[in-house]
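Novice: sequence-free structure coming up:
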């Protein structure tokens, strides 16, 4: 089993984490992915619209790598009051001082915090348990998803437990290399699979997969014909864990899309109920940067120009004073606000009226 220290380390997820880590690690109790293709298959094409994002110098420079890609970022389109713009400019998820005007496709828009994280493929992830109490039908959506997710996870563990050849190959490697703790994981995996303990099975299987990818044999060992069977078992195991994760993750996304389709109306409620904060939160993809403002008390012009030089539309950054953020936001609303009529599920939300 994982020690508490290792559990904490293994549970940390960020935008470098693979999609399978979000549903296999215990960080999220009810993990749910969102992607532009999934949403569009259910609600139709998402129209392009405008939004704002607050970032720092590193974030501005990184935009040139993710513009017009499937990567998703957090944005906002409305504040509780224009005076909040000065607080927003200080930063939300990162340090701030820079605000950008983007045009892209909004996959999700909420009047309250959606607690989302991005994976390495650009999908956005939510823990639906954090939306407990927001649905119209006594959280039937959450109960239905919990039951189907539990059944799916049990099926994953059944797949593993029934693959006798996989276990035998792993045991063979464990005997040949007792110093490698990953090869010995088959005993723990069998135990937690038998007890339907996915909270431990998921991270253990991820640990095995990543451990196999890092392991290699010395040239002398690999060149010895006597070791051919062990090397063959190793290569087969490495391939099998990857294929398992690919197939399971595809099935997981299919399950999420099925739930989204069955509970489309309830998903709207999830994102428009809850405690209203000083700004709304959206998830945008396929975006381009239209304008840039920065606080000249925080940044040098040359640094900003260097960070923005590779953006597709070559926007010219505008330097402002820190007390000008409310005026910038108010002007932005007056010029692009009239176009904000297509959002989540193709419907405007009344809060913006």
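Specialist: Received the coordinates, thanks. It should be emphasised that the depicted structure is a prediction, and the values quoted were computed from it without experimental measurement.

Novice: so residue 98 sits against residue 59, correct?
Specialist: Yes - with contact defined as CB atoms under 8 Å, residue 98 and residue 59 form a contacting pair (7.3 Å). The way it works is simple: take the backbone N, C-alpha and C, and place the C-beta from them, glycine included.

Novice: these two: who's more crowded?
Specialist: residue 98 (25 against 19; other CB atoms under 10 Å).

Novice: phi, psi for that one please.
Specialist: Dihedral pair for residue 98: phi -130, psi 130, per degrees, to the nearest 10.

Novice: burial count for the nearest residue to it once chain neighbours are set aside?
Specialist: Sequence neighbours aside, residue 294 is the residue nearest to residue 98 in space, at 4.7 Å (criterion: CB to CB, 6 or more residues apart in numbering). As a burial measure, residue 294 scores 27 neighbours (other CB under 10 Å).

Novice: mind listing what's buried in the longest helix seen in the chain?
Specialist: For the chain, the helix with the greatest residue count under DSSP state H is helix 228-262. By 16 or more other CB atoms under 10 Å, the buried positions in helix 228-262 come out as 230, 233-234, 237-238, 240-241, 244-245, 248-249, 252-253, 255-257, 259-260.

Novice: does anything pack onto that helix? Which helices or strands?
Specialist: helix 19-24, strand 31-34, helix 36-43, helix 140-161, helix 164-176, helix 198-214 (3 or more CB pairs under 8 Å, 6 or more residues apart in numbering; DSSP states H and E).

Novice: so, low pLDDT: which residues of this structure?
Specialist: 1-15, 43, 80-83, 90-95, 110-115, 132-139, 268-279, 337-353 (pLDDT under 70).

Novice: try 50 this time
Specialist: Along the chain, segments meeting pLDDT under 50 span 1-11, 138, 272-276, 339-353.

Novice: beta partners of the residue nearest to the spatial centre of it?
Specialist: What sits nearest the mean C-alpha location of the chain, by CA atoms, centre = their mean, is residue 118, with 2.6 Å. Note on residue 118: beta-bridge partners by DSSP bridges are residue 124.

Novice: any idea how far the top strand by length along the chain is from the chain center?
Specialist: The residue-count maximum for a strand in the chain (DSSP state E) belongs to strand 281-295. Put simply, strand 281-295 sits 18 Å off its chain's centre (CA atoms, centre = their mean, to the nearest Å).
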